[in-house]
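Enquirer: no sequence on this one, just coordinates:
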């Protein structure tokens, strides 16, 4: 049979017929460059942010995470307990809704919001009972109601200098967080 580089070849006499099939390139993923589905040849580079999530786990690399609304994504590292949120603009409100990382909530011990996020929505990180440390970027200017309520273990959080608003009960029932 023909393959990507050579035409169909007779096994007895070596005579060829037709043309090679050409490569059938599959898109690059988070763990592999573009790959030919026929011969396995690769080209280009991996695309570290090109995850293909089935539920909350990438089918290529096993990363835990996913999209959150239109402009944000999240990633949870179970080895460190860190939840990272990236994107731009206001985070969606989670009031009355389970967040996409809800299955991992009890294992989350630290949270990093990356630069570009401008607000923390209502109840976004409510009831992360083992959350101890939060890193907020300077781009955050609003923290809405109950954003971090019932984060019983929260100890470390430095508020951005440009913060304009802290909503009602944003840090309610965070007994270990004593400095605002």
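Expert: Arrived safely. No experiment lies behind these values; they were computed from the predicted model shown.
Enquirer: Show me what the mean pLDDT comes to for stretch 147-161.
Expert: Averaged over stretch 147-161, pLDDT sits at 96.
Enquirer: Which positions in stretch 26-46 come out as buried?
Expert: 28-36, 46 (16 or more other C-beta atoms under 10 Å). The way it works is simple: take the backbone N, C-alpha and C, and place the C-beta from them, glycine included.
Enquirer: What separates the first and last residues of that stretch, distance-wise?
Expert: With C-alpha to C-alpha, to the nearest Å applied, stretch 26-46 spans 12 Å between its terminal residues.
Enquirer: Okay, now the unreliable bits of the chain?
Expert: 179-180 (pLDDT under 70).
Enquirer: Kindly recompute the last result at 80.
Expert: Counting by pLDDT under 80, the chain contains low-confidence residues at 1, 178-180.
Enquirer: show me the contacts for residue 138.
Expert: Shown in contact with residue 138 (C-beta atoms under 8 Å, 6 or more residues apart in numbering): 115, 160-162.
Enquirer: could I get the residues you listed as JSON lines with distance to residue 87?
Expert: Listed next are the contacts of residue 138 as JSON lines, based on distance: C-beta to C-beta, whole Å:
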{"residue": "115", "distance to residue 87": "10"}
{"residue": "160", "distance to residue 87": "17"}
{"residue": "161", "distance to residue 87": "22"}
{"residue": "162", "distance to residue 87": "18"}
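Enquirer: which of those lies closest to residue 170?
Expert: residue 160 (13.6 Å; C-beta to C-beta).
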